[in-house]
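Student: Sequence and predicted structure below; questions after.
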Amino acid sequence: MKRLICAATMICVAFAASLPASARTESLPALGARLDQTTVSGISSGGFMAAQLATVFSSRISGVGVVAAGPFACALTYAAIGTLDNATATCMTPFSAEVAASADRSWMLARAFADGGKIDGVDNLKRQRVYIFSGGKDDTVKTIVVDQVQAYYESAGAAPSQIKYVKVPDAGHAFITSDVHDQSCSATASPYINNCGFMQAHELLRHLYPDRTAPASSTPAGTLIRFNQKVFAQDFRASMDDDGWVYVPDACRNGGCAVHVAFHGCHQGASAIKDSFYAHVGYNEIADNNRLIVLYPQAHASEGVPFNPRGCWDFWGYSNGDHPADSFVTRNAPQMQAVMSMITRLGDKP
């Protein structure tokens, strides 16, 4: 994988081969994708979003990867405090396990929401494959929080063979690669992509798709398409960029490929770190030979309404507006509605 290193007064030029990418914004293409094999993953706020979407739309999601994040509806763990306080304390840096995220509480909420028709049935969760990751030097989202994702899926009835939980003692708060150009393994610093000696995207996707065993390509031959995201996210509360990205292998132009959705973390969208996440963390290389389309929705920072200054995905309710406090973890959540509409579009006939 290549990185462009640019001084403030210089023009960035890549001399190495790079992914073909659309220079202008296009419409998200209809690709006839197999939507019964859709999976999601994410890092940090994107990990919380992946966990939420996998539960809320569980009938349409077959697997989930949660990197440095907690379980479904974590910000609703303790009703006595607000969702933002839950998010920043309970779901990130709790003082102890006694006041941390609770799989029992998340599971209780999931069942109640399903019974109330707010989300899909929880019986779907036991068939999902689950990849989980936590770094021992991650002081942003502590391991005692991430542990609850495993416990949540155990409560749902997922078999041990379906759950892969990776803990790296030296890893900071980051998505993991083996790229020497990335941050050191223990770092917690922008762009939150660390070299710990293995390609997390490859490991994650191989677990979610155990039958797709083709090796990763050294240089992806597919196309990164910049697409108009606003047609899917018209609600201003969504705090989503005008444009999103999707990686389309050549073999997926005529239908039959699965879709994987990869959510960036806070301060990690294209508006913050350009192509570092959607082009350089390894998803595209493993997708290339394994008939996988990779969708990269984009959130952006907002200083006004909604208040989302770090460009995070909504796991505490900033997109609720005048709607009930739990709306951000139901089918009414504007971000999840937008992403599910994108997935549906990819499944339409070319």
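Tutor: The structure has been received and is ready for your questions.
Student: got the residue ranges for the helices in the stretch 51-200 of the chain?
Tutor: Taking DSSP state H, counting those that start in this stretch as the test, the helices found in the stretch 51-200 of the chain are 83-85, 103-115, 143-156, 200-208.
Student: right, and these - which one's nearest residue 126?
Tutor: Of all those, helix 143-156 sits nearest to residue 126, with 5.1 Å by Cβ to Cβ. The C-beta positions use only the backbone N, C-alpha and C, and glycine is treated the same way.
Student: Same list, the helices of the stretch 51-200 of the chain, but as TSV with mean neighbour count please.
Tutor: Converted to TSV, the helices of the stretch 51-200 of the chain look like this (neighbours: other Cβ atoms under 10 Å):
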stretch	mean neighbour count
helix 83-85	18
helix 103-115	19
helix 143-156	22
helix 200-208	23
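Student: Kindly state which of the ones you listed is positioned closest to residue 28.
Tutor: Nearest to residue 28 among the helices of the stretch 51-200 of the chain is helix 200-208 (21.1 Å), distances taken as Cβ to Cβ.
Student: rewinding a little: nearest to residue 288, out of the helices of the stretch 51-200 of the chain?
Tutor: Of all the helices of the stretch 51-200 of the chain, helix 200-208 comes closest under Cβ to Cβ, at 11.2 Å.
Student: what's in contact with that closest one?
Tutor: Contacts of helix 200-208 from elsewhere in the structure, counted by Cβ atoms under 8 Å, 6 or more residues apart in numbering, are 39, 41, 62-65, 67, 129, 131, 133, 164, 166, 175-177, 212-213, 216, 260, 262, 281-283, 285-287, 290, 292.
Student: Serialize the helices of the stretch 51-200 of the chain to a markdown table and add fields for mean pLDDT and distance to residue 34.
Tutor: Below are those laid out as a markdown table (pLDDT from 0 to 100; distance: least, Cβ to Cβ, whole Å):
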| stretch | mean pLDDT | distance to residue 34 |
| --- | --- | --- |
| helix 83-85 | 96 | 36 |
| helix 103-115 | 99 | 25 |
| helix 143-156 | 99 | 24 |
| helix 200-208 | 99 | 14 |
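Student: Turn those into a markdown table, including distance to residue 253.
Tutor: Shown next, in a markdown table, are the helices of the stretch 51-200 of the chain (distance: least, Cβ to Cβ, whole Å):
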| stretch | distance to residue 253 |
| --- | --- |
| helix 83-85 | 42 |
| helix 103-115 | 37 |
| helix 143-156 | 35 |
| helix 200-208 | 20 |
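Student: Looking at residue 24 now. What's its pLDDT?
Tutor: Listed pLDDT for residue 24 reads 82.
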